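J.: here is my input, please return the structure:
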Amino acid sequence: MRTDLQGLGTLQRAVLDAFDGIRQRLDAFEPQLVPREVGTLASVATGIARVHGLPQVGFDELLEFPGGLSGIAFNLDADGVDVVLLGDYAHLQAGQEVRRTGRVMDVAVGDALLGRVIDPLGRPLDGLGRVATNQRLPIERPAAAIMDRAPVTEPLQTGLKVIDALIPIGRGQRELILGDRQTGKTAIAIDAIFNQRDTGVLCVYCAIGQRASAVAKAVANLREKGALAYTVVVVAEGNDAPGLAYIAPYAATSIAEHFMESGRDVLIVYDDLTHHARAYRELSLLLRRPPGREAFPGDIFYIHSRMLERATHLNDERGGGSMTALPIIETEAQNISAYIPTNLISITDGQIVLSPSLFELGVLPAIDVGPSVSRVGGKAQRVAYRAVAGDLKLAYAQFEELETFARFGARLDDDTRQSIAHGKRIRACLGQAELSPVSVPAQIAILLALNAALFDPVPLDRMAAAQRAVEDAAHAMPDDVAERLAGAEALTDADRQQVTDAARQALAPFLAEPEPEPAPPESGPPVPNHAPKEAT
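T.: Numbers count the residues shown, from 1 in each chain. The predicted model follows:
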């Protein structure tokens, strides 16, 4: 009984102490009034809204609408604010309340996003639950200062022979991919992402205004090949609000920038900026901003340049990370002199031009080597590539000119026919199937065999098998030679000779048998045949 009374006294003291603590907290509490600006929704249009009653709102500030909808303040007028809506706005009605948030639009960043498919607001689209990260960055950030940057010195291998050899890309470069519809622009970008496996390069794929089926196919290819594990996919579908399409590349850039600032190498793909420019044109016309050339607003160049300028290579003091950008642009009837293509060509460090005529001929990837150029990546290209691919682009361009001339049925000399035959082998070697990257040693072995004209006796219908034989021979090279082929060192004459001999031996079963030369005619008048005829 005494023990029970003692326990009851202990419980009573604990309760009294708890109430004393609560009383002390209540006495020390001083309520603070936090003013909040609440505006009124005046009108709603296609993707935009007009709000009254927010005199202190700032440009690009995030606003909250009923139903969890967000918007960005765009036009700040004396009598109201024009807001770009970020989502479905069918439930909005005039007279509803609109609140300020006091912050700009931001997005979740961090390693937790790898392997995920999200929208520009950071909401998951893959059904795997909420993204578990507390780190956020504004989608609009200033680019790194010039003094914080370093030269582009390391290549970004795409696994595509025609790009790595003739149009090389460096880590920290901005290389534009442009071409007509259905010419394989997205396939090149997906191949580049797939080739970053086991290289430590993280990837961000931003789909802007694409069909849901096209995005699902790209995600399925990445997942099937194991590339989704190091990739973040940011999606703004074609039926989404134009505001989401507008902020999608900025959100993707901030995600990639977080990885770059942590000292890592990142590859970001914008697929494509044509839809982004059209979404911004739609918003600008609805907001009654003055239209300019092709009805695009005057700052369309600025919105793309301030975004792509964030792709760079940081110096060692900033971590040494890099962000390589591959923006994609869709042209109409190969018109690369249109407004948006010329803007992007002047912003980026080179362009990869795709030709629909090559695509129709079955030359894949359908890259037109003539107008394609890389203004930075050549400095970062491996020494072995520069040694074997130096004259390849010139020989290929000469072949294209001779091929056009030969279509007129002109009589060609032996040297011209030999140049055309060699050019056809170059085209066949630069061709490549989708999602089948070629390693660096195999590429260099093929290029060495091309320069040595080892492929010239191979029939065109056997070129694919002959290339595979050379690739297998390159993979079977000794480890020390393979390391020099894949590394940054220059090839020695012994290495070149060893690789060439291995390629010659691999191509031996594919060589066409030489045609027998006709016997020379005998000199002198023909001798009559007086042999008796056989009896019938």
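J.: so residue 63 lies in a helix, does it not?
T.: No. Residue 63 is assigned strand when assessed by DSSP: H, G, I helix; E, B strand; the rest coil, not a helix.
J.: what about it, how many neighbours?
T.: Counted with other Cβ atoms under 10 Å, the neighbours of residue 63 add up to 24. C-beta here means a position set from N, CA and C on the backbone, and glycine is covered the same way.
J.: and if you look at the one 5 residues further on?
T.: When neighbours are defined as other Cβ under 10 Å, residue 68 has 7 of them.
J.: what do you get for residue 76?
T.: 14.
J.: how about the contacts made by it?
T.: Contact analysis of residue 76 by Cβ atoms under 8 Å, 6 or more residues apart in numbering lists 57-59.
J.: I'd like those as JSON lines, with distance to residue 511 and neighbour count appended.
T.: Formatted as JSON lines, the contacts of residue 76 follow (distance: Cβ to Cβ, whole Å; neighbours: other Cβ atoms under 10 Å):
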{"residue": "57", "distance to residue 511": "75", "neighbour count": "21"}
{"residue": "58", "distance to residue 511": "72", "neighbour count": "13"}
{"residue": "59", "distance to residue 511": "69", "neighbour count": "11"}
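J.: put together TSV for those residues, with distance to residue 314, pLDDT and secondary structure on each row.
T.: Supplementary listing: the contacts of residue 76 in TSV, determined by distance: Cβ to Cβ, whole Å; pLDDT from 0 to 100; DSSP: H, G, I helix; E, B strand; the rest coil:
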residue	distance to residue 314	pLDDT	secondary structure
57	34	92	coil
58	29	92	coil
59	28	91	coil
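J.: which of those residues lies closest to residue 360?
T.: Set against residue 360, the nearest of the contacts of residue 76 by Cβ to Cβ is residue 59 (47.9 Å).
J.: mind listing what the closest one touches?
T.: Residues near residue 59 by Cβ under 8 Å, 6+ apart: 73-74, 76.
J.: quick check, nearest of those to residue 462?
T.: Nearest to residue 462 among the contacts of residue 59: residue 74, at 60.3 Å, using Cβ to Cβ.
J.: show me what contacts the closest one?
T.: So residue 74 contacts 48, 59-60, 82-84, 283, 287 (Cβ under 8 Å, 6+ apart).
J.: what subset of those residues is buried?
T.: Buried members of those, scored by 16 or more other Cβ atoms under 10 Å, are 48, 82-84, 283, 287.
J.: which of the residues you listed fall within helices?
T.: Mapping the buried ones among the contacts of residue 74 onto helices (DSSP state H) picks out residue 283.
J.: what's the farthest-apart pair in the buried ones among the contacts of residue 74?
T.: In those, two members sit farther apart than any others by Cβ to Cβ. They are 83 and 283, at 10.6 Å.
J.: overlap in contacts, those two.
T.: Residues touching both residue 83 and residue 283 by Cβ under 8 Å, 6+ apart: 48, 74.
J.: buried stuff in stretch 436-445?
T.: Applying 16+ other Cβ under 10 Å to stretch 436-445 flags 437-445 as buried.
J.: so how far is that stretch off the chain centroid?
T.: Here stretch 436-445 is found 20 Å from its chain centre; the criterion is Cα atoms, centre = their mean, to the nearest Å.
J.: could you do stretch 62-76 as well?
T.: Centroid displacement of stretch 62-76 relative to its chain, using Cα atoms, centre = their mean, is 30 Å.
J.: over to stretch 421-434?
T.: Stretch 421-434 sits 24 Å away from the centroid of its parent chain (Cα atoms, centre = their mean).
J.: distance to residue 242 for the contacts of residue 74 - can I get that in a markdown table?
T.: A markdown table is the format used below for the contacts of residue 74 (distance: Cβ to Cβ, whole Å):
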| residue | distance to residue 242 |
| --- | --- |
| 48 | 9 |
| 59 | 19 |
| 60 | 16 |
| 82 | 13 |
| 83 | 13 |
| 84 | 8 |
| 283 | 5 |
| 287 | 11 |
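J.: which of the buried ones among the contacts of residue 74 fall in strands?
T.: Among these, the members falling in strands (DSSP state E) are 48, 82-84.
J.: ok, back up a step: of the contacts of residue 59, which is the nearest to residue 307?
T.: Residue 307 lies nearest to residue 74 out of those, by Cβ to Cβ, at 16.8 Å.
J.: three-state assignment of that closest one?
T.: State at residue 74, reduced to three classes by three-state DSSP: strand.
J.: against residue 212, how distant is it?
T.: 27 Å (Cβ to Cβ, to the nearest Å).
J.: residue 224 too?
T.: Using Cβ to Cβ, we find residue 224 at a distance of 18 Å from residue 212.
J.: count of neighbours near residue 286?
T.: 15.
J.: residues touching it, list them.
T.: Residue 286 sits next to 45-48 when contact means Cβ under 8 Å, 6+ apart.
J.: got it, and residue 42?
T.: 49-52, 80, 94.
J.: filter those residues to the buried ones?
T.: By neighbour count, with 16+ other Cβ under 10 Å, the contacts of residue 42 hold 49-51, 80 as buried.
J.: which one among these gets closest to residue 467?
T.: Nearest to residue 467 among these: residue 49, at 57.7 Å, using Cβ to Cβ.
J.: quick check: bridge partners of the closest residue to that closest one other than its chain neighbours?
T.: With Cβ to Cβ, 6 or more residues apart in numbering as the criterion, residue 49 has its nearest non-adjacent residue at 4.7 Å, and that residue is residue 83. Applying DSSP bridges to residue 83 gives these bridge partners: residue 49, residue 73.
J.: hang on, residue 83 packs against residue 63?
T.: Yes. Shown here, residue 83 and residue 63 form a contact pair, counting by Cβ atoms under 8 Å, at 5.8 Å.
J.: what do the two both touch?
T.: Taking Cβ under 8 Å, 6+ apart as the criterion, residue 83 and residue 63 both touch 51, 71-73, 98.
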